[in-house]
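Chemist: Build me a model:
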Amino acid sequence: MDIVLYQFLTEVPLAAAIWSVLLVLALTALAVLVARPERDRPAAVEPPARPAAPPAPAAADLRRYAEEVAVAAAGAAQNARRRRAAWTAAQDAAERAWQAYDEAETAARRFRDAGALPTPHTPRTPAEYAARERWLHHAATAAHLRGELSIGQLCDVFARRGGWDPRLHPVEQEVVLARAVRDGRLARYRAAAARERAAWGDAELAAGAARALAAEAYAAAERARPAHAPTTSATASGRVLGITGWRPPRPAPAR
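Modeler: Numbering: from 1, shown residues only. Model (predicted):
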């Protein structure tokens, strides 16, 4: 009995000391975990990095583009000048055609007024008709040499078609000839006026293209210019010859 009591008295304090040590270790570990909980937490997911912005165009590329646009603008300006010159020539040709038609209209009106008088009486003989035909051929040939009748109209005279009658009196034939000259000049004026309108449209398109390229060339030059370089006036860089002074074709009088 004494042995059992001795063992109890000697082993219980030892067990108590061991449990005390274990308890202290457990409390220490718990305190460490409470103080630094991030060790047990999963790492935060970082957002993906944004792609880098594309690099700005190189100065050499900007200069090269500005040079190319400048060359194109110079070519467009030259083309606009050529178109303007062509339109000016077409306008002069239309003006000359109008003046020629106006002269022919005045002559045809004069002959028309003269035709109101009675036709001179001549004997209707084969010799008279032959003389009338010779006069018509001579007058038509002279008008063709002056540029008043086309080769087709002259062929109609000799072939007696298209309203040409060699049996008419020379007074009546002059009226027919004057009308033919007037109609031919009217057709030439209308063709010249159509060419003038077409040349005007081409000149306007060329001028618009030249102005647009000049503006783009100036903008490209400004982008390629260094920051410390002085700027120039946009008007001086983008100056293009404009199309001015256009005159609408004269309306031909109704027949």
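
Chemist: and Glu67, backbone torsions?
Modeler: Dihedral pair for Glu67: phi -70, psi -40, per degrees, to the nearest 10.

Chemist: what about the helices in the chain?
Modeler: 2-35, 59-114, 126-145, 151-159, 170-224, 234-237 (DSSP state H).

Chemist: Any chance of the ones you listed in a markdown table with mean pLDDT and mean neighbour count as columns?
Modeler: All C-beta atoms are positioned from the backbone trio N, CA, C, and that covers glycine. What follows is the helices of the chain, written out as a markdown table (pLDDT from 0 to 100; neighbours: other C-beta atoms under 10 Å):
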| stretch | mean pLDDT | mean neighbour count |
| --- | --- | --- |
| helix 2-35 | 60 | 9 |
| helix 59-114 | 89 | 17 |
| helix 126-145 | 88 | 14 |
| helix 151-159 | 89 | 15 |
| helix 170-224 | 91 | 19 |
| helix 234-237 | 41 | 12 |
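
Chemist: so Asn79 makes contact with Ala210?
Modeler: Yes. In this structure Asn79 lies within contact range of Ala210 using C-beta atoms under 8 Å: 7.1 Å.

Chemist: Check the contact lists of these two and give me the overlap.
Modeler: Listed as contacting both Asn79 and Ala210 by C-beta atoms under 8 Å, 6 or more residues apart in numbering is no residue at all.

Chemist: how far away is Ala142 from Ala107?
Modeler: In this view, Ala142 and Ala107 are 14 Å apart by C-beta to C-beta, to the nearest Å.

Chemist: Equivalent analysis for Phe158, please.
Modeler: Look at Phe158 and Ala107: by C-beta to C-beta, they are 23 Å apart.

Chemist: can you check Ser150 too?
Modeler: Remark: distance between Ser150 and Ala107 (C-beta to C-beta) = 18 Å.

Chemist: With His169 instead?
Modeler: Counting by C-beta to C-beta, the gap from His169 to Ala107 is 18 Å.

Chemist: again with Ala94
Modeler: Taking C-beta to C-beta, one finds Ala94 at 21 Å from Ala107.

Chemist: now do Ala214
Modeler: Distance of Ala214 to Ala107, given as C-beta to C-beta: 50 Å.
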